[in-house]
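>>> Mind looking at a prediction? Sequence and model below.
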Amino acid sequence: MVTAELLTALVDRHAAGLVLYARQWCAAPEDVVQAAFLKLARAGTPPESLVPWLYRVVRNGAIDAGRAARRRQKYEARAAERTPCWFTPPDDPTGLDARAATDALQAIPLDAREILVAHLWGGLTFEQIAATVGGSASTAYRRYAAGLELLRVHLKVTRPIPATAPKTRTPS
């Protein structure tokens, strides 16, 4: 029977080595080792050669986890290729550098980014944004303005100087 004391002793003695062993095949070796110990805990009786059994289970789990991660990465890469870019290509006549704009947008806090994207690309009003994210329209606008300012800073864009009305002479 697999007892708590046996599991504790095995974890204390072998977990670090098993993690190092699993790291050869996957990026989350701790998860694989934990799964192996859970499998052992669920077993009614421990296998005859317990430590080699643990290494075999960890090895198989790590190889499976590595394969799954590679499959996921391939799938995500293919999906990313089909996803339209947030911005137009770098030869955009407006002079916007798509990579720099994407990096700047990703660098600002999520709450501001969400509102910027919803307003600028989604065309939502601040009232609609407030209903979507919760809060008031004025809070949505403040976050939008703060996000724009952060984008300006990140992209090193100066604020446009507002046009002033021509001065008129006052009659004397």
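Noted; the coordinates are in hand. Every value quoted in this text rests on a predicted model; they were computed, and no experiment measured them. Residues are numbered from 1 along each chain as shown.

>>> The longest helix belonging to the chain: how far from the chain's middle?
Across the chain, the longest stretch assigned as helix under DSSP state H is helix 50-82. Put simply, helix 50-82 sits 20 Å off its chain's centre (CA atoms, centre = their mean, to the nearest Å).

>>> what's the next secondary structure element after that helix?
helix 98-107 (DSSP states H and E).

>>> and that next one, average pLDDT?
Across helix 98-107, pLDDT averages out at 83.

>>> Can you give me the distance of Tyr144 to Val11?
51 Å (CB to CB, to the nearest Å). Glycine gets a C-beta too; all of them are placed from N, C-alpha and C.

>>> Between the two, which is the more surrounded one?
More crowded of Tyr144 and Val11, by other CB atoms under 10 Å: Tyr144, with 19 against 15.

>>> give the contact list for that one.
Shown in contact with Tyr144 (CB atoms under 8 Å, 6 or more residues apart in numbering): Ala112, Ile115, Leu116, His119, Phe126, Ile129.

>>> Dump those residues into a markdown table; add pLDDT and secondary structure as well.
Below are those laid out as a markdown table (pLDDT from 0 to 100; DSSP: H, G, I helix; E, B strand; the rest coil):
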| residue | pLDDT | secondary structure |
| --- | --- | --- |
| Ala112 | 90 | helix |
| Ile115 | 90 | helix |
| Leu116 | 89 | helix |
| His119 | 90 | helix |
| Phe126 | 94 | helix |
| Ile129 | 91 | helix |
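
>>> Okay, domains of this structure per the record?
4-82, 98-155 (automatic domain parsing).

>>> Quick check: buried residues in the lowest-mean-pLDDT helix or strand in the chain?
Taking mean pLDDT, DSSP states H and E as the measure, the helix or strand of the chain with the lowest value is helix 98-107, at a mean of 83. Judged by neighbour count (16 or more other CB atoms under 10 Å), helix 98-107 contains these buried residues: Ala101, Ala104, Leu105.

>>> Low-confidence ranges, the protein, go.
83-96, 159-172 (pLDDT under 70).

>>> for the residue nearest the centre of it, what are its contacts?
Centroid check for the chain by CA atoms, centre = their mean gives Gln106 as the closest residue, at 10.3 Å. Listed by CB under 8 Å, 6+ apart, the contact partners of Gln106 are Arg113.
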